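[1] Here's a sequence, model it:
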Amino acid sequence: MVTTDVKTETLFDRAAKVFDGWTDPDTGARVLRVWASNLPRIPGMWTTFYHQYRPFLNGGRTVLLHGGKKLKSEDRYTTYAVDLATGQAEPFSLDGCRPVEVFDETQMAVAISRSWHDATGARAILWDMQADKKVASVSSGDWKLNSINFLCDGRRALAFMYRGEHYTEPVQSRHYLLEPGEEPRLIMEADGYFCSHMVGHPTDANMYTYDRWPSPKRDIDQAITIRTLDGSFEERVKLDEHAPRPADMWGCRDHYVWAPDGSRIVSYLACSPIELLSSDPNFNHYEFDWWLSALDWRTGEDYAAPYPAGRWGGHMQMSNDSKYIICGGGPGFDKLFAVDMAALKHGWNEHIICSYPTTTPLGKNSDPFPYPFHLPDGSGVIFNAGWYGDEHGVYLAEWPSELK
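    Next up, the predicted model:
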């Protein structure tokens with residue numbers, strides 16, 4: 001009997017038939033520029049989601065991208081659903097509200113009723129995409145609505161709102177639980193803390209993490225806090241005696257993601273003091289020395305190493321198999337690369353995936369960041385690059401076969 005191995009067409013393979021690109025001369029990876037075949041080509045017209053929010057639908061064939069620029073002056077900023085197999089892009093909204101995250105397996109979405117965060121009088125919304133209707137919501141009233149995030153069951157979500165100016169004055173924080181058909185439920189409130197960046201534990205739907213920042217600012221060695229929904233367990237994530245400590249509050253582990261298997265929390269920290277002229281967190285992050293951290297939340301064991309020069313590019317991502325930390329470089333190191341998380345225990349390592357168009361950040365939190373995402377089938381990485389010139393846009397790089 002003669003058998004023939006039939007190669008399954010990947011999401012990247014399908015995209016490569018639609019989008020123009022090039023082959024990286026050093027790594028051999030194919031790199032595509034993600035344009036829409038039915039819209040004007042405007043540099044910076046869209047960007048990937050913030051790295052803690054899921055952007056994929058239809059098994060990954062559709063990716064949601066936020067509008068970075070208006071196509072017409074009268075337009076509102078728009079989120080687009082881009083079909084990677086056809087190149088077609090269509091506006092994606094939930095009854096006029098701004099999508100924040102989608103959960104493909106349950107066909108649920110979360111959104112906010114304003115096009116910006118930290119707005120009063122805003123509403124956090126849980127949306128059933130199959131029924132095309134709102135199934136739960138909570139209004140912020142005179143509080144500022146900051147974010148809404150899914151728990152890992154893809155049915156329930158958490159909304160965060162606060163009062164006060166964080167870092168400079170006393171702040172009150174609240175977390176609400178949204179569940180289909182139920183009234184919103186206040187599950188956490190804290191005085192004197194700005195409790196941001198909620199992320200559901202990836203394997204336990206009754207647990208989540210958040211950053212617990214003292215406000216007014218004071219130095220701490222850990223902001224990331226893990227909590228059960230009922231509050232029966234809550235503690236700052238452990239640091240064992242060997243885990244590096246931040247020099248001050250600004251250097252605490254932040255902008256984190258979970259390994260999909262729930263084993264570690266990946267973030268970055270600064271072990272040298274960050275001296276600022278004011279308490280504004282919108283400082284030039286590229287001026288400081290950062291460490292990459294992969295922290296075991298159960299024991300406090302940390303796989304950590306300093307970023308070599310140019311490597312820190314902000315917010316990272318994890319590969320679907322929990323093996324690799326996916327990063328974009330900083331100024332002068334215009335490369336997408338993967339770090340073997342387990343090998344980080346023994347020091348820095350990197351696998352260059354591809355180079356990308358020259359990127360020139362301003363060094364502010366309001367800058368674009370690479371915000372990479374591993375395609376659901378593992379065949380590629382979608383990310384931002386090339387700002388602020390004509391090459392500013394969204395790109396899709398082939399995932400290296402040697403990392404599979």
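[2] Run through the residues that contact the residue nearest the centre of the chain.
    Central residue of the chain (CA atoms, centre = their mean): residue 51, 1.0 Å from the mean position. Going by CB atoms under 8 Å, 6 or more residues apart in numbering, residue 51 touches 255, 257, 315, 316, 317, 369, 371, 372, 373. The C-beta positions use only the backbone N, C-alpha and C, and glycine is treated the same way.
[3] So which helix or strand of this protein has the lowest pLDDT on average?
    In the chain, no helix or strand scores lower on mean pLDDT, DSSP states H and E than strand 119-120, which sits at a mean of 90.
[4] Could you give the separation of that one from the chain centroid?
    Put simply, strand 119-120 sits 22 Å off its chain's centre (CA atoms, centre = their mean, to the nearest Å).
[5] Show me what it packs onto, helices and strands only.
    Judged by 3 or more CB pairs under 8 Å, 6 or more residues apart in numbering; DSSP states H and E, the packing partners of strand 119-120 are strand 144-150.
[6] what lines up beside the strand it packs on in the sheet?
    strand 119-120 (antiparallel), strand 157-163 (antiparallel) (DSSP bridges).
[7] Confidence-wise, which of the ones you listed is weakest overall?
    Set side by side, the strands paired with strand 144-150 give their lowest mean pLDDT on strand 119-120, at a mean of 90.
[8] Other residues contacting it?
    The contact list for strand 119-120, computed with CB under 8 Å, 6+ apart, reads 112, 140, 141, 142, 143, 144, 145.
[9] Format the strands paired with strand 144-150 as JSON lines; extra columns: distance to residue 298 and mean neighbour count.
    As requested, these are exported to JSON lines (distance: least, CB to CB, whole Å; neighbours: other CB atoms under 10 Å):
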{"stretch": "strand 119-120", "distance to residue 298": "37", "mean neighbour count": "16"}
{"stretch": "strand 157-163", "distance to residue 298": "22", "mean neighbour count": "25"}
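[10] could the ones you listed be laid out in JSON lines, adding distance to residue 181?
    Converted to JSON lines, those look like this (distance: least, CB to CB, whole Å):
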{"stretch": "strand 119-120", "distance to residue 181": "26"}
{"stretch": "strand 157-163", "distance to residue 181": "13"}
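[11] Which of the ones you listed sits closest to residue 191?
    Of all the strands paired with strand 144-150, strand 157-163 sits nearest to residue 191, with 9.9 Å by CB to CB.
[12] Could you point out the helix or strand that follows the closest one?
    strand 172-178 (DSSP states H and E).
[13] Could you list the alpha-carbon positions for that next one in PDB?
    Output in PDB follows, covering the C-alpha atoms of strand 172-178 (Å, rounded to 0.1, in the frame of the first residue of the first chain):
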ATOM      1  CA  GLN A 172     -11.100  53.500  45.200                       C
ATOM      2  CA  SER A 173     -11.300  50.400  43.000                       C
ATOM      3  CA  ARG A 174     -14.100  48.000  42.200                       C
ATOM      4  CA  HIS A 175     -14.300  44.700  40.300                       C
ATOM      5  CA  TYR A 176     -17.700  43.500  39.100                       C
ATOM      6  CA  LEU A 177     -18.700  40.000  37.800                       C
ATOM      7  CA  LEU A 178     -20.900  39.900  34.700                       C
END
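[14] List the neighbouring strands of the next helix or strand after it plus their orientation.
    Using DSSP H and E, the helix or strand that follows strand 172-178 in sequence is strand 185-191. When pairing is defined by DSSP bridges, strand 185-191 lines up against strand 172-178 (antiparallel).
[15] what pLDDT, on average, does the strand it pairs with get?
    For strand 172-178, the per-residue pLDDT averages 98.
[16] Pull the residues that contact it.
    With CB under 8 Å, 6+ apart, strand 172-178 has contacts from 110, 124, 126, 136-138, 143, 148, 156-164, 184-191, 193-195, 198, 210, 229.
[17] sorry, back to before: mind checking the SS state of the residue nearest to the centre of the chain?
    Counting by DSSP: H, G, I helix; E, B strand; the rest coil, the backbone at residue 51 sits in coil.
[18] Model confidence for it, exactly?
    According to the prediction, residue 51 has pLDDT 97.
[19] Next, find the distance separating it from residue 267.
    For residue 51, the distance to residue 267 (CB to CB, to the nearest Å) stands at 11 Å.
[20] Look up how far residue 222 lies from residue 252.
    Taken as CB to CB, the span from residue 252 to residue 222 is 6 Å.
[21] Then residue 246?
    8 Å.
[22] which residues do the two both contact?
    Common neighbours of residue 246 and residue 222 (CB under 8 Å, 6+ apart) are 252, 253.
[23] out of these two, which sits in the busier spot?
    A side-by-side neighbour count of residue 246 and residue 222, using other CB atoms under 10 Å, places residue 246 first with 23 against 20.
[24] My reading is that the more buried one lies in a helix. Confirm?
    No. Per three-state DSSP, residue 246 lies outside any helix segment and is coil.
[25] That one touches residue 221, doesn't it?
    Yes. Between residue 246 and residue 221 a contact is recorded at 6.0 Å, counting by CB atoms under 8 Å.
[26] hey, what's in contact with both of the two?
    residue 252.
[27] which of the contacts of strand 119-120 count as buried?
    112, 140, 143, 144, 145 (16 or more other CB atoms under 10 Å).
[28] May I have the beta-bridge partners of the fourth one?
    For residue 144, the residues forming beta bridges with it (DSSP bridges) are residue 120, residue 162.
[29] Is it in contact with residue 118, as I believe?
    Yes. Contact criterion CB under 8 Å: residue 144 and residue 118 qualify, at 4.7 Å.
[30] shared neighbours of residue 51 and residue 267, which are they?
    Contacts common to residue 51 and residue 267, judged by CB under 8 Å, 6+ apart, are 255, 257.
[31] Number of residues surrounding residue 7?
    Residues near residue 7, counting by other CB under 10 Å: 6.
[32] Check the gap between it and residue 353 for me.
    If you go by CB to CB, the gap between residue 7 and residue 353 works out to 21 Å.
[33] again, but for residue 240
    On the measure of CB to CB, residue 240 and residue 353 end up 32 Å apart.
[34] Those two: which is more packed in?
    residue 353 (27 against 11).
[35] I'd assumed that one was in a helix, is it?
    No. Read with three-state DSSP, residue 353 is strand and lies in no helix.
[36] Sweet, I'm off.
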